[in-house]
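Student: fold the following and give me the result.
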Amino acid sequence: MSRIVTVAAAQLGPIQKAETREQVVARMLALMDEAKAKGADLIVYPELALTTFFPRWYHEDRAEADRWFEAAMPNPAVQPLFDRARAHGMGMSFGYAELTPEGQHFNSSILVDKSGAIVGKYRKIHLPGHVEYDPTRAHQHLEKRYFEPGDLGFPVWRTMGGLMGMCICNDRRWPETYRVMGLQGVEMIVLGFNTPSVNGHKAKEGMAQRLFHHRLSVQAGAYQNSCWVVAVAKAGSEDGHHLMGGTLIVNPDGEIVAELEGEADGVIVHPCDLDDTRFGKQTIFDFKMHRRIEHYGPITGQVGVVEPE
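Tutor: Have a look, this model is predicted:
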């Protein structure tokens, strides 16, 4: 018997600095209605789905960026998303900037079940960028200034009839992200991203190469852990700063089964059979049979490179 989750990858076009959360949520609701009309059980939105990608702006006083953070989830501005998802009988996932009661700042995402209950939270671990203003960069990428590294690990949850995990943006480039969830039997990983179309340190690395690395990372993670991966972009020009698209769904064989064209708000929907993960997990990626952890010490025992003498 198959276990099909019909997933909608809901790309958002650019969110300008002047847009309110209410305006953004209205766009997200329109995408949700479209996804429902196409038979979706689960809708996945991007990283920092409620605001512009604010880490591109430098504030001497970090607290000036707090206006981009959510002190509660849900809150009145986003409650309509929860209400509509519950009415549609859909699960959802989206990213946002989280401000905790203790004053901590995280780049977070949540997983919401069909009843509208938050069943999972993830906080981004692999933060890219830098802390201080860097005049040598084509654009600033100050995630390390405004966020702390996530402190929840890479958990997996039983929901939507299967085993679900989350990660965010730069996490998708790190094989450890997928493997830690793979070792928990993950069957579907959902992730959002806001990725500049130009490398701030390497201008000649244009969008074609950036998209290649994006697809490569997601496809490898899906194949090597025999799981579905749903990767959703916020794309287009935000206040003159361009973000690439590349919203896609990858099957457990590492094949792209759906990809959205363009950089505007849009939805792709695909039926994902969670049972398709079993073959890989029981053969070439049968971890219990084939992993050799006695040789993997450097992966958790060191951070930087240690060259041989």
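Student: okay but Phe154 is in contact with Lys121, surely?
Tutor: No: contact criterion Cβ atoms under 8 Å: Phe154 and Lys121 do not qualify, at 12.0 Å. Just so you know, the C-beta spots here come from the backbone N, C-alpha and C atoms, and that holds for glycine as well.
Student: between the two, who's got more neighbours?
Tutor: Phe154 (22 against 17; other Cβ atoms under 10 Å).
Student: and that one, helix, strand or coil?
Tutor: coil (DSSP: H, G, I helix; E, B strand; the rest coil).
Student: spatially nearest residue to it, not counting backbone neighbours?
Tutor: Among residues not flanking Phe154 along the chain, Val180 sits closest, at 4.3 Å (Cβ to Cβ, 6 or more residues apart in numbering).
Student: does the one you found really touch Leu152, like I thought?
Tutor: No: between Val180 and Leu152 there is no contact under Cβ under 8 Å: 11.7 Å.
Student: those two: who's more crowded?
Tutor: Taking neighbours as other Cβ under 10 Å, Val180 and Leu152 compare with Val180 leading, 19 against 14.
Student: just the helices in the stretch 101-250 of the chain please.
Tutor: Here the stretch 101-250 of the chain has its helices, by DSSP state H, counting those that start in this stretch, at 143-146, 175-182, 207-225.
Student: in the longest one, which residues are buried?
Tutor: Within helix 207-225, the residues that qualify as buried are 207, 210-211, 214-215, 217-225, counting by 16 or more other Cβ atoms under 10 Å.
Student: what is that helix packed up against?
Tutor: helix 175-182, strand 188-193, strand 228-233, strand 248-250 (3 or more Cβ pairs under 8 Å, 6 or more residues apart in numbering; DSSP states H and E).
Student: okay, the helices of the stretch 101-250 of the chain in a markdown table with distance to Val257 next?
Tutor: Converted to a markdown table, those look like this (distance: least, Cβ to Cβ, whole Å):
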| stretch | distance to Val257 |
| --- | --- |
| helix 143-146 | 30 |
| helix 175-182 | 18 |
| helix 207-225 | 10 |
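Student: nearest to Leu111, of these?
Tutor: Closest to Leu111 of these is helix 175-182 (Cβ to Cβ; 12.7 Å).
Student: export the helices of the stretch 101-250 of the chain to JSON lines and tack on distance to Gly91 and mean pLDDT?
Tutor: Below are the helices of the stretch 101-250 of the chain laid out as JSON lines (distance: least, Cβ to Cβ, whole Å; pLDDT from 0 to 100):
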{"stretch": "helix 143-146", "distance to Gly91": "27", "mean pLDDT": "97"}
{"stretch": "helix 175-182", "distance to Gly91": "18", "mean pLDDT": "98"}
{"stretch": "helix 207-225", "distance to Gly91": "20", "mean pLDDT": "97"}
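Student: quick one: which of those helices is nearest Ser2?
Tutor: Nearest of the helices of the stretch 101-250 of the chain to Ser2, taken as Cβ to Cβ: helix 207-225 at 18.5 Å.
Student: can you give me the end-to-end distance of stretch 158-177?
Tutor: 18 Å (Cα to Cα, to the nearest Å).
Student: and what of stretch 6-20?
Tutor: This stretch, stretch 6-20, spans 30 Å end to end (Cα to Cα).
Student: buried residues in it, which are they?
Tutor: Judged by neighbour count (16+ other Cβ under 10 Å), stretch 6-20 contains these buried residues: Val7, Ala8, Ala9, Ala10, Gln11, Leu12, Gly13, Pro14, Ile15.
Student: which one of those residues is nearest Ala264?
Tutor: Lowest distance from Ala264 to the buried residues of stretch 6-20 (Cβ to Cβ) belongs to Gly13, with 4.4 Å.
Student: quick one, what contacts the closest one?
Tutor: Applying Cβ atoms under 8 Å, 6 or more residues apart in numbering to Gly13 gives the contacts Lys234, Ala235, Gly236, Glu263, Ala264, Asp265, Gly266.
Student: ok, the last one - contacts?
Tutor: Taking Cβ under 8 Å, 6+ apart as the criterion, Gly266 is in contact with Ala10, Gln11, Gly13, Leu31, Thr247, Leu260.
Student: so where's the protein shaky on pLDDT?
Tutor: 1, 200 (pLDDT under 70).
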